[in-house]
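*Asks:* 3D, please:
(2 chains)
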Amino acid sequence: NAGVTQTPKFQVLKTGQSMTLQCAQDMNHNSMYWYRQDPGMGLRLIYYSASEGTTDKGEVPNGYNVSRLNKREFSLRLESAAPSQTSVYFCASSDLWEQFFGPGTRLTVL
Amino acid sequence: AQRVTQPEKLLSVFKGAPVELKCNYSYSGSPELFWYVQYSRQRLQLLLRHISRESIKGFTADLNKGETSFHLKKPFAQEEDSAMYYCALSNFGNEKLTFGTGTRLTIIP
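*Replies:* Predicted structure coming up:
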């Protein structure tokens, strides 16, 4: 099993450009999450999805949109990237007791 | 609102010395507490959870509801313990986690 996979691993954008971060899991989990990791601020939840077809805002949703395409896939979209969105983005899925994380996407917005 | 506080951003400990990473929380319900770890070039992964009362890689953590703390301890630090450690909290039965800001532990040879 691959667990949680994310693409791309690295991305550089210019201010105002858009992009979609892809995430997929093969563990048949209902819940999936998107976090951003910034120095000194830890992991902050952007959006999460408790089941296929549902999404909810987390702590820092502004500037992002998500799509739970099916049970396996949960994508994060930046419609108009800003330098403040420079960060490392992690996708995760969970069973009742543990979250499983992807390898992360390092995004730089110039 | 639930909150997790890790007061130390950086912690350096000599190999063989005891380690304690502090975690305090605020939550009015019945919390579940976890420690997650991120080793260099590896994914963030679960280290231990209080409900299982396990000792993983020599680490233990006791939930102290009176002090609202869940400190991570190890009696003798090893070089491979160098990593980023996150304390996290969830509602009982809810999978969504609130993370602390993390502590970077460095073990000095």
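
*Asks:* Might you report the residue contacts of the residue nearest to the spatial centre of chain A?
*Replies:* The residue lying closest to the centre of chain A (Cα atoms, centre = their mean) is A:Trp34, at 3.2 Å. With contact taken as Cβ atoms under 8 Å, 6 or more residues apart in numbering or on different chains, A:Trp34 is in contact with A:21, A:23, A:45-48, A:58, A:64, A:66, A:74, A:76, A:89-91. Where C-beta positions appear, they are placed from N, C-alpha and C, glycine not excepted.

*Asks:* what residue ranges in the chain are flagged as low confidence?
*Replies:* Let's take chain A. The model of chain A has no residue with pLDDT under 70.

*Asks:* You answered for a different chain; I wanted chain B.
*Replies:* Checking chain B against pLDDT under 70 turns up B:92-94.

*Asks:* measure the residue nearest to the centre of chain A to B:Leu47 for me?
*Replies:* Separation of A:Trp34 from B:Leu47 (Cβ to Cβ, to the nearest Å): 22 Å.

*Asks:* sorry, back to before: list, out of the contacts of A:Trp34, those positioned next to chain B.
*Replies:* By Cβ under 8 Å from any Cβ of the partner chain, the members of the contacts of A:Trp34 lying near chain B are A:45, A:48, A:90.

*Asks:* could you flag which of those residues are buried?
*Replies:* Neighbour-count burial (16 or more other Cβ atoms under 10 Å in any protein chain shown) applied to the ones next to chain B among the contacts of A:Trp34 gives A:45, A:48, A:90.
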